[in-house]
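Peer 1: This is a predicted model, with the sequence first.
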Amino acid sequence: MAAVRLFFSIFAVIFVAELPDKTTLASLVMATRHRALPVLLGACGALALQSLIAVAAGSLLSMLPQRVVHIGSGALFLVSALVMWFRHEHESEVKDKPDAVTFGKSFTLAFGVVFVAEWGDLTQIATAGFAARVARPALVFAAATSALWSVATIAVIVGHRAGRLLNPNVTRKVAAVLFALAGVALIAGLL
């Protein structure tokens, strides 16, 4: 019974911390532009790997220089924003149709963006802290990963539904602005 309580305690903390996170925003935005399944699988794969890294590293991850991680993640978001904003309209017409982008490309994009954005994240540090404190790595991994996957699923469902209702060119511009804002906030140390 103590293991169940511990599982749900860790799940709740990670779930709530991940809801307003940049990786959730990234998953939501990517799901407006790509098929939901590869985005979800890519995000979930990256989040599971990050949980594994956090559990394995324990409290060591909390010693990484957060400023460097924030600047690197922010730069990735800004580059993504520029690519989305300045992509040629004829490319946009083809690429904004969900069936036009391959499963592999969508999966790889989601995996890469979420994997890089999650480095040094509050939920990753919290997972490392739980792993160091409770000395039950499998339970911490399962609880943290389940919480992260739950939030990613919500984000992808919302993003996918919104993407079907919105004009693809408007979605691309809004996504570019959101990514740029997240990039600036990361570099400024606000996220």
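Peer 2: The structure has been received and is ready for your questions.

Peer 1: helix/strand/coil for G120?
Peer 2: coil (DSSP: H, G, I helix; E, B strand; the rest coil).

Peer 1: Just the pLDDT for it.
Peer 2: pLDDT recorded at G120 is 73.

Peer 1: got it, and F107?
Peer 2: In this model, F107 is scored at 95, pLDDT.

Peer 1: Sticking with it, tell me its helix or strand.
Peer 2: Per DSSP states H and E, F107 falls inside helix 103-118.

Peer 1: CA atoms of that helix as CSV?
Peer 2: Output of helix 103-118 as CSV, limited to C-alpha atoms (Å, rounded to 0.1, in the frame of the first residue of the first chain):
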residue,chain,number,x,y,z
PHE,A,103,5.3,9.3,-39.7
GLY,A,104,9.1,9.1,-39.2
LYS,A,105,9.7,12.8,-39.8
SER,A,106,6.9,13.8,-37.4
PHE,A,107,8.1,11.3,-34.8
THR,A,108,11.7,12.4,-35.1
LEU,A,109,10.8,16.1,-34.8
ALA,A,110,8.6,15.5,-31.8
PHE,A,111,11.2,13.3,-30.1
GLY,A,112,14.1,15.8,-30.8
VAL,A,113,12.3,18.9,-29.7
VAL,A,114,10.8,17.4,-26.5
PHE,A,115,14.1,15.6,-25.6
VAL,A,116,16.2,18.8,-25.9
ALA,A,117,13.5,21.0,-24.2
GLU,A,118,13.2,18.6,-21.2
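
Peer 1: To which secondary structure element is the residue nearest to the spatial centre of the chain assigned?
Peer 2: Centroid check for the chain by CA atoms, centre = their mean gives T23 as the closest residue, at 2.4 Å. Assigned by DSSP H and E, T23 belongs to helix 22-33.

Peer 1: In contact with the closest residue to V13 other than its chain neighbours, which residues?
Peer 2: Nearest residue to V13 in three dimensions, chain neighbours excluded: A126, at 6.2 Å (CB to CB, 6 or more residues apart in numbering). All C-beta atoms are positioned from the backbone trio N, CA, C, and that covers glycine. Counting by CB atoms under 8 Å, 6 or more residues apart in numbering, A126 touches 13-14, 17, 144.
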